[in-house]
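Visitor: Below is the sequence, then the predicted model.
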Amino acid sequence: MDNREKMLDEFFRKNDPAIKKKEEKEQQKKIDTYFETVSIKKAPKKKSFLDKIIDFFRISTFKKNFDESKVAANQKQREVEGKNTISTFFQRVRFFFINKFSFEAGVDILDETQVLYRRNMVIRNITWVTNIVFILFTLIGSEGVNQSINLIVTASFTFIAWLVSHTIRNVIKETPTTLQKQQMGEYISGGYILLMAIAVYLKLKLSLISTTDADFFSITQAGYMLIYFALVVIALYQDSKMLSFIFKVSIVAMTIIHLVVLYPIYEYATNFITLWDYIKGPILTDIFLRTLILAVFMIALYANAKMSEDMNNKRKEELIKRRAMEKDFKAVVSDVFDVIGVYKQRGDDVVEKHQEDSARRVAEMAAKLGNFLGYSSKLCQELFDFSTIHIDKKDLLSLDDYDEKDRLDERDFLKIREKTMIGSVIIKRLQLEKKGEDIIRAHFEKTVTKDFIKEMNSIQNNRESQVILLCELYEILRQPRNYKRELKHQRAIDLIQLELYPYFDPQIVDRFIKYSADFEAIYYRLI
């Protein structure tokens, strides 16, 4: 056997994929064994109690995110497959509460009047539920007192609740809706719910004062908690100015209640010694602790409302900037589209038709040349699409549908972004077309220099662009211009081979020259 054949057989045997893969596994196994013998094994690090807690929250966060994705997928699946009666009922209940008690459901946060109107409506709904609780508390305190008086008081509270609720509704819904009216409704709601809570507590305290039953004592304490609940509801407005005013009123009102109702010190105010003997010890401590708890609770509510208010202000600032950027974005994109439209205008319909036919001839030749260069069918199709994009996609470059919109949603942004990307590609295609015109004109006018060639080669000089440019130059040479007449096929090929070669890769020019008959056939077929 010839030594060359033996060496060639040995080469193919060594490069057999199965044998090569087996040898690589054995080599990797040897390397792993070596590192196991020389590496220093570290003792496993013991986790502290704090590290275990951190790991727990990390895992919980991961599970939460995973579950959110899973729930979202399940919801989409249920939307496709349909839902049973129970799930549909609970979903309707959920949407009902979202609609009634959500602050930002379909609200423009930059419109202060609209935001405050929505908050007034939500607080009014909360107040409506709270009124039911108030009425139930007034009905409970009927033991040990005259039933008829208790019913009269309850009826009075019910009438006051209806009257205030009706008044608030008329104020906030009166047209025209102004910010001043919404602020008036805000203060009426806040003052009403605080005074109503105090009134219910006073009613329970005074009506149950003669009893010593522990159950009634707990009811009175629950009535006392209604005042704190009222402060929480007022804090939902997230208005630091109103909270500051309400808290001052609350401190004064609760101090009077502590000193007059809870502990009637006026009965012992005959002299200072008697008064001090009464309030010192547990009474003074209780009054101090109640006032302290109320003050701390108010500070917490105020801090929470102030933080929420500051965050909302930051959101407003960011949203204002975004709206301004939206306007600038639409204006810039519209100007770019207008420039592209002006650049593409060729005159009458005949000229437009001539330019479209020319672009399609260039596209056919570019796809054919790409095939001769060994490009994939996908890349050849991309060459064809890029060559005709300024013809096929020209009607998409318009923002007329968005001129009347003050705000753009995410779907609008995606559509405009798609139009913008198409516009950028069209600009590149038109730039390539202009490059071809500049090259041919410079060569016919004898103004070509080294700097000109260098400048032209700096514009879209990748191989795909060169393929389209070469077909563009052939098309321009075959068509008449105001600075030249139309050329025959062979004359155009000679100019490409002798003068225009510096702008292209030699292989591209060679393929075009070698198969020039095919390109001539395409030209005449589409002309």
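Guide: In hand now; what should we look at?

Visitor: same for the helix or strand hosting residue 195, what does it pack against?
Guide: With secondary structure defined by DSSP states H and E, residue 195 is part of helix 179-207. Packed against helix 179-207 by the contact rule (3 or more Cβ pairs under 8 Å, 6 or more residues apart in numbering; DSSP states H and E) you find helix 112-140, helix 147-173, helix 214-235, helix 240-256. C-beta: built from backbone N, CA, C; applies to glycine.

Visitor: Could you rerun that using 6 Å?
Guide: Contacts defined by 3 or more Cβ pairs under 6 Å, 6 or more residues apart in numbering; DSSP states H and E place helix 179-207 against helix 112-140, helix 147-173, helix 214-235.

Visitor: Can you say which of those is nearest to residue 434?
Guide: Closest to residue 434 of those, according to Cβ to Cβ: helix 112-140, at 50.4 Å.

Visitor: The helices and strands packed on helix 179-207 into a markdown table, with extra columns for mean neighbour count, distance to residue 194 and mean pLDDT?
Guide: Written out in a markdown table, the entries for those read as follows (neighbours: other Cβ atoms under 10 Å; distance: least, Cβ to Cβ, whole Å; pLDDT from 0 to 100):
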| stretch | mean neighbour count | distance to residue 194 | mean pLDDT |
| --- | --- | --- | --- |
| helix 112-140 | 18 | 11 | 81 |
| helix 147-173 | 15 | 12 | 82 |
| helix 214-235 | 17 | 5 | 76 |
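
Visitor: domains of the protein?
Guide: 109-322, 346-526 (automatic domain parsing).

Visitor: and the ones you listed, which one is worst for confidence?
Guide: The stretch with the lowest average pLDDT out of the domains of the chain is domain 109-322, scoring a mean of 80.

Visitor: what distance separates that domain from the middle of the whole chain?
Guide: A distance of 38 Å separates the centroid of the chain from that of domain 109-322, by Cα atoms, centre = their mean, to the nearest Å.

Visitor: any idea how far residue 469 is from residue 309?
Guide: When distances are taken as Cβ to Cβ, to the nearest Å, residue 309 and residue 469 turn out to be 61 Å apart.

Visitor: So these two - more neighbours on which side?
Guide: Between residue 309 and residue 469, counting by other Cβ atoms under 10 Å, residue 469 is the more crowded of the two (25 against 16).

Visitor: mind listing what that one touches?
Guide: The neighbourhood of residue 469, defined by Cβ atoms under 6 Å, 6 or more residues apart in numbering, consists of 432, 436.

Visitor: Residue 363: helix or strand, and which one exactly?
Guide: Taking DSSP H and E as the criterion, the element that holds residue 363 is helix 349-372.

Visitor: list the buried ones in that helix?
Guide: Applying a neighbour-count criterion of 16 or more other Cβ atoms under 10 Å, the buried positions in helix 349-372 are 355-356, 358-372.

Visitor: for stretch 281-299, same thing?
Guide: Of the residues in stretch 281-299, those buried by neighbour count under the rule 16+ other Cβ under 10 Å are 287, 290, 294, 298.

Visitor: Any chance you could list what contacts the helix holding residue 363?
Guide: For helix 349-372, using Cβ under 6 Å, 6+ apart, the contacting residues are 346, 380, 383-384, 387-388, 391, 467-468, 471-472, 475, 511-512, 515, 519, 522-523, 526.

Visitor: how near is residue 495 to residue 50?
Guide: As for residue 495, its distance to residue 50 is 79 Å (criterion: Cβ to Cβ).

Visitor: picking up where we left off before, adding distance to residue 420, write the helices and strands packed on helix 179-207 out as JSON lines.
Guide: Converted to JSON lines, the helices and strands packed on helix 179-207 look like this (distance: least, Cβ to Cβ, whole Å):
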{"stretch": "helix 112-140", "distance to residue 420": "31"}
{"stretch": "helix 147-173", "distance to residue 420": "43"}
{"stretch": "helix 214-235", "distance to residue 420": "45"}
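
Visitor: of all the ones you listed, which lies closest to residue 429?
Guide: When the helices and strands packed on helix 179-207 are compared (using Cβ to Cβ), the closest one is helix 112-140, at 46.0 Å.

Visitor: Nearest to residue 128 among the buried residues of stretch 281-299?
Guide: Residue 128 has its nearest neighbour among the buried residues of stretch 281-299 in residue 298, at 25.2 Å by Cβ to Cβ.

Visitor: for that closest one, what are its contacts?
Guide: Neighbour list for residue 298: residue 247 [criterion: Cβ under 6 Å, 6+ apart].

Visitor: Please repeat the previous calculation with a cut-off of 7 Å.
Guide: 231, 247, 250 (Cβ atoms under 7 Å, 6 or more residues apart in numbering).

Visitor: Can you say which helix or strand has it in it?
Guide: When the helices and strands are read off by DSSP H and E, the one containing residue 298 is helix 282-344.

Visitor: for residue 432, same thing?
Guide: Counting by DSSP H and E, the secondary-structure element that holds residue 432 is helix 410-444.

Visitor: gap between the next helix or strand after that helix and the chain center?
Guide: Sequence-wise, the next helix or strand beyond helix 410-444 is helix 450-457, with elements assigned using DSSP H and E. On the basis of Cα atoms, centre = their mean, the separation between the geometric centre of helix 450-457 and that of its chain is 46 Å.

Visitor: Please export the C-alpha coordinates of helix 450-457 as CSV.
Guide: What follows is helix 450-457, C-alpha atoms only, in CSV (Å, rounded to 0.1, in the frame of the first residue of the first chain):
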residue,chain,number,x,y,z
LYS,A,450,-9.2,58.5,-3.4
ASP,A,451,-11.0,60.4,-0.6
PHE,A,452,-14.3,59.9,-2.5
ILE,A,453,-13.8,56.2,-2.8
LYS,A,454,-12.8,56.0,0.9
GLU,A,455,-15.9,58.0,1.9
MET,A,456,-18.2,55.7,-0.2
ASN,A,457,-16.6,52.6,1.2
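
Visitor: For it, enumerate the helices and strands it packs against.
Guide: The contact analysis (3 or more Cβ pairs under 7 Å, 6 or more residues apart in numbering; DSSP states H and E) places helix 450-457 against helix 410-444.

Visitor: in the helix it packs on, what's buried?
Guide: Those buried within helix 410-444 under the rule 16+ other Cβ under 10 Å are 412, 416, 419-420, 422-423, 426, 428-430, 432-433, 435-436, 439-441, 443.

Visitor: Tell me which residues touch the closest residue to residue 127 other than its chain neighbours, please.
Guide: Nearest non-adjacent residue to residue 127, counting by Cβ to Cβ, 6 or more residues apart in numbering: residue 193, 5.8 Å away. Under the criterion of Cβ under 7 Å, 6+ apart, the contact partners of residue 193 comprise 127, 130, 230, 233-234.

Visitor: Now with 10 Å, please.
Guide: Under the criterion of Cβ atoms under 10 Å, 6 or more residues apart in numbering, the neighbours of residue 193 are 123, 126-127, 130-131, 134, 161, 164, 226-227, 229-234, 246.

Visitor: Equivalent analysis for residue 439, please.
Guide: Neighbour list for residue 439: 448, 452-453, 456, 469, 472-473, 476, 499-500, 502-503 [criterion: Cβ under 10 Å, 6+ apart].

Visitor: Residue 373 versus that one, what's the distance?
Guide: Using Cβ to Cβ, one obtains 21 Å as the distance from residue 439 to residue 373.

Visitor: Alright, that wraps it up for me.
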